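Engineer: missing the sequence, but the structure's below:
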């Protein structure tokens, strides 16, 4: 019997190819700029930070700095866009691991909440540039904002399709708590994609306005997370609390 031919070698992953020195240098500079801008804006706020301070902290010239962002506002956009990207990944990962929908949704906007609580002007500038800016960072910001709403819808789909979450403090044969006693409003199984999409939009819009009110000085920042949770819980409750999904519904 002739020998069996060897299977073809798998195609090389383009992302696994070694990068050249020039590209490594570019990525390293961007990493340093992003780290410096994040630290300075977080510690001192947008107005108190200069582009020269960021360049010095990143150990690059100002000319190099402006090759990565066209303005100080652009630098803040870089920072916030990256933080929002991380927040979206974290929130969806929480939902997939069985976290309560409200916890996963709040994780999506944690970067905006933290920025608004520490220095409201950081979030105010970010929102202004997202709406009215002209640089390339604005396009990324618009995409990240759209991803938040899409991620909320994905979290709702996961919650509606999943079974009861595991409660380590609940005995295996303990009766379910009534649905109205639930700390985590549940989602009715079988909700249409249209219903979930509308709810995702309502949740995002409500959270956005709560955050903007803090940035504009119309609401205190000290309990922003609590207000967001109340809003999210209320809107999730509108989808219908059913024990099949929440695990906290009434016993049969």
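Structural biologist: That came through, no problem. No experiment lies behind these values; they were computed from the predicted model shown. Residues are numbered from 1 along each chain as shown.

Engineer: where are the low-confidence patches of the stretch 51-200 of the chain?
Structural biologist: Counting by pLDDT under 70, the ranges of the stretch 51-200 of the chain that qualify are 163-193.

Engineer: how deep is residue 161 tucked in, by neighbour count?
Structural biologist: Residue 161: 12 surrounding residues under other Cβ atoms under 10 Å. No exception for glycine: its C-beta is placed from N, CA and C like everyone else's.

Engineer: same check, this time on residue 95
Structural biologist: So residue 95, with other Cβ under 10 Å, has 25 neighbours.

Engineer: Only the buried residues of stretch 93-108, if you could.
Structural biologist: 94, 95, 99, 100, 101, 102, 104, 105, 106, 107, 108 (16 or more other Cβ atoms under 10 Å).

Engineer: Could you dump those residues into TSV and include distance to residue 139?
Structural biologist: Below are the buried residues of stretch 93-108 laid out as TSV (distance: Cβ to Cβ, whole Å):
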residue	distance to residue 139
94	28
95	27
99	31
100	33
101	30
102	30
104	26
105	25
106	26
107	24
108	20
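
Engineer: Just those residues: which are in helices?
Structural biologist: Mapping the buried residues of stretch 93-108 onto helices (DSSP state H) picks out 94, 95, 101, 102, 104, 105, 106, 107, 108.

Engineer: Could you list which residues are in contact with the second one?
Structural biologist: Read that as residue 95. 101, 104, 154, 155, 158, 159 (Cβ atoms under 8 Å, 6 or more residues apart in numbering).

Engineer: again, only using 6 Å
Structural biologist: Residue 95 makes contact with 104, 155, 158 under the criterion Cβ atoms under 6 Å, 6 or more residues apart in numbering.

Engineer: pretty sure the second one contacts residue 104?
Structural biologist: This points to residue 155. Yes - contact criterion Cβ atoms under 6 Å: residue 155 and residue 104 qualify, at 4.7 Å.

Engineer: how many neighbours does residue 160 have?
Structural biologist: 23.

Engineer: any idea how far it lies from residue 153?
Structural biologist: 11 Å (Cβ to Cβ, to the nearest Å).

Engineer: cool, residue 213 as well?
Structural biologist: 24 Å.

Engineer: likewise residue 199?
Structural biologist: 8 Å.

Engineer: same check, this time on residue 96
Structural biologist: Residue 96 is 14 Å from residue 153, by Cβ to Cβ.

Engineer: cool, residue 110 as well?
Structural biologist: Look at residue 110 and residue 153: by Cβ to Cβ, they are 18 Å apart.

Engineer: now residue 203
Structural biologist: 9 Å.

Engineer: now residue 141
Structural biologist: 19 Å.

Engineer: and residue 41, what does it touch?
Structural biologist: Residue 41 touches 49, 76, 79, 122, counting by Cβ under 6 Å, 6+ apart.

Engineer: Same list, those residues, but as TSV with neighbour count, distance to residue 228 and secondary structure please.
Structural biologist: Shown next, in TSV, are those (neighbours: other Cβ atoms under 10 Å; distance: Cβ to Cβ, whole Å; DSSP: H, G, I helix; E, B strand; the rest coil):
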residue	neighbour count	distance to residue 228	secondary structure
49	23	27	coil
76	24	22	helix
79	27	21	helix
122	24	17	helix
